[in-house]
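Enquirer: Show me how the following folds:
(2 chains)
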Amino acid sequence: MKRTGYCGTWRAAHVGQTVTVAGWIHRRRDHGGLVFIDLRDYTGMIQIVIHPEASTELEAMAHVLRSEDVCEVTGLIEKRPPETENKQLPTGQVELLAASVHRLNAAKTPPFVLDEAETVAEPVRLKYRYLDLRRPAMQANLRLRHRVTTLIRDYLNGQGFIEIETPILTKSTPEGARDYLVPSRIYPGRFFALPQSPQLYKQILMVGGCDRYYQIARCFRDEDLRADRQPEFTQVDLELSFTDQEEIFALMEGLMGRLFREVVSRPLTTPFRRLTYQEAMSRYGSDKPDLRFGVELHDVGAIVKGSGFAVFDRALEQRGVVNGIKAPGLAKLSRRELDEWTQAAIGWGAKGLAWIKVTADGYDSPIAKFLPADRLQRLRAEFDAKPGDLLLFVADAEAVAHAVLGQLRLKIGGLLGVTKSDQMAFCWVTDFPLLARDEDGKRLVAMHHPFTRPVDDDLQWLDSEPLRVRAQAYDLVLNGSELGGGSLRIYQRELQQRMFDILGVSPERAGERFGFLLEAFEYGTPPHGGIALGLDRLVMILAGAESLREVIAFPKTQRAVCPLTDAPGEIDRQQWDELHLRIDAAT
RNA sequence: GGGGCCGUAGUUCAGCUGGUUAGAACGCCGGCCUGUCACGCCGGAGGUCACGGGUUCGAGCCCCGCCGGCCCCGCCA
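Expert: Below you'll find the predicted structure:
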């Protein structure tokens, strides 16, 4: 007998109907002469009433059913007797009087109770993910994710985009993250790489006249994990021909507007705020500022210059900066807590952390005695500081001061409780630098990627002052997390070649790695650009989840293994041989 | 690679200053129960205290190592 409806759908209007339902036994309440069963599927639960004396079959079933057994029940939808309605359940006005109960499959006792209240350790949940996924919260997350991807496809289809798949077995690109590699059986010693993003393919699609492409694309990066980082993750990847930044911004704002309105009923204000990279760094100390709260950085170099406080003076002499931030109401932090903050600041690269508590009758600070009264007064005015406020200062190279105060700003936001608020503060960060020095300061590396188009007006500095050149690159930031990023791309062979030169990629190597792209550029390439959004992060935020693992059906642990399948696993001797592989005896 | 927190029953946890037989709740098993919905009542089973070593008369507890989990830094164009 095929089911006639889902468990969670029955209402008073269905009273009198004979129906068949199927699902899992959520709970059994056995009164001996009367047995209640909550039958569950993803839509919810219906209470089944079994009178064991009604038939030998029912008597047999009533007492043997156990949690998570899979059952099919046929019977009559009845109105519950008054006083026994359950207002907690959407189906609580009715119950299903069982005429027959079939146990389709018995279940072992589950390792944990599938109850929302129960907090089960993640390793257990992941090992028995199939049980975890039956929980309403996980069902809600997966179904939310489905609604998001459905809406994204619908929106982009409506904007003239087509979805195109690009290869998973592709070629390693030395720049960027570590690649996941797949050995070639046919070519000993050669490897495919799994894509870190479909970047090159989508540019080739633009050359190929596809005009507007998108893909819900799986990407792979063999780097260490975080709560918001998985080794394989999903990007909403898109690329447009004959476009510009404004068009891409409007497109994304339209998409976000629809997503938040239609999926979580949260209207957004568009257009989103825009900040240049410079502005984001100097005001918020981050290229992904959390704009749910103010608390901005201030450059106080002019105020403290020549004040006689050696720490500040020395930093300024060495072409550094003195920046500060106000922590409203946090003068109540203890000396010990401030010591911890100082240690944290040192951990982020600062040499120390200067602080001033503004009190009712002056200042409480280890550095106040080094600063003349008028300077203290000007500092206080700069921050509009009131008694009870705390001022924090970092004197260092500009990049260090920004980074450290940016981190402290987030700590302050956390203490003020603003990062827990449910507002959605989007912004665009624009005008990223094209290039940055790599960690040893020798080489130049692409800040975004080597295919990013420089700002036209800045091309003049490409050789003389490369670090001054801005990129036509932009990030979409939500509540301090990077939701996506993109750029307009280089579409002329000569400029692309110049970029490789600047990045120290020899023509031979460029040809070997990206020859197909350079050659494609010679056959009529439209100006193009695009963006990629982190789908997992987007869904995580929409779901209000704390970790990506809550919105991915089968995530990896922090050590990049799958607890369900135990991947990565060993392979057979024969597979080693076929792939011409041998493991280093030392390991 | 580094820092932090954690690992005790199927699950979530407690376990004092190192001291006799390691506890609770939920779950599980058995019995009773005709209006429950986290049903109730009675009874019961269930432990390699992650693992290895050390200190000690004695270790769940202290020390060292190691494995695993989570969070963070580095890393992630």
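
Enquirer: quick one: contacts for the residue in the stretch 401-550 of chain A positioned nearest to RNA strand B?
Expert: Residue nearest to RNA strand B within the stretch 401-550 of chain A: A:His449 (3.0 Å; CB to the nearest atom of the strand). C-beta: built from backbone N, CA, C; applies to glycine. Contacts for A:His449 were tallied using CB atoms under 8 Å, 6 or more residues apart in numbering; they are A:175-176, A:199, A:487.

Enquirer: quick one: A:Val539 from A:Leu533, how far?
Expert: A:Val539 sits 10 Å away from A:Leu533, taking CB to CB, to the nearest Å as the criterion.

Enquirer: ugh, wrong one, I meant A:Asp224
Expert: Per CB to CB, A:Asp224 is found 22 Å from A:Leu533.

Enquirer: Check A:Cys219 too.
Expert: A:Cys219 is 12 Å from A:Leu533, where distance means CB to CB.

Enquirer: Now do the shared contacts for those two.
Expert: Common neighbours of A:Cys219 and A:Leu533 (criterion: CB under 8 Å, 6+ apart): A:Gln235.

Enquirer: I'd like the next helix or strand past the lowest-mean-pLDDT helix or strand in chain A.
Expert: Lowest by mean pLDDT, DSSP states H and E among the helices and strands of chain A is helix A:335-347, with a mean of 83. Next helix or strand after helix A:335-347 toward the C-terminus (DSSP states H and E): strand A:354-359.

Enquirer: Counting neighbours, what do you get for A:Glu72?
Expert: Using other CB atoms under 10 Å, A:Glu72 has 17 other residues around it.

Enquirer: What separation is there between whichever residue of the stretch 51-200 of chain A sits closest to RNA strand B and A:Pro387?
Expert: Nearest residue of the stretch 51-200 of chain A to RNA strand B, counting by CB to the nearest atom of the strand: A:Ala121, 2.9 Å away. Between A:Ala121 and A:Pro387 the computed distance is 46 Å (CB to CB).

Enquirer: of the two, who's got more company?
Expert: The neighbour count for A:Ala121 versus A:Pro387, taken as other CB under 10 Å, is higher for A:Pro387 (13 against 9).

Enquirer: Now do the nearest residue to that one once chain neighbours are set aside against RNA strand B, distance only.
Expert: With sequence-adjacent residues excluded and distances taken as CB to CB, 6 or more residues apart in numbering, A:Pro387 is closest to A:Ala360, at 4.6 Å. The gap separating A:Ala360 from RNA strand B is 36 Å, by CB to the nearest atom of the strand, to the nearest Å.

Enquirer: elements contacting the helix or strand where A:Met499 lies?
Expert: For A:Met499, the host element (DSSP H and E) is helix A:493-502. Here helix A:493-502 touches helix A:507-520, going by 3 or more CB pairs under 8 Å, 6 or more residues apart in numbering; DSSP states H and E.

Enquirer: Which SSE is immediately downstream of the lengthiest helix in chain A?
Expert: For chain A, the helix that runs over the most residues, judged by DSSP state H, is helix A:136-158. Downstream of helix A:136-158, the first helix or strand assigned by DSSP H and E is strand A:162-163.

Enquirer: Past that next one, which element shows up next along the chain?
Expert: Following strand A:162-163 in sequence, per DSSP H and E, is strand A:181-183.

Enquirer: Need the mean per-residue confidence for that next one.
Expert: What strand A:181-183 shows for mean pLDDT is 95.

Enquirer: How far does it sit from its chain's centre?
Expert: Averaged C-alpha coordinates place strand A:181-183 at 27 Å from its chain's average position (CA atoms, centre = their mean, to the nearest Å).

Enquirer: quick one: strands adjacent to that strand?
Expert: Counting by DSSP bridges, the strands paired with strand A:181-183 are strand A:191-193 (antiparallel).
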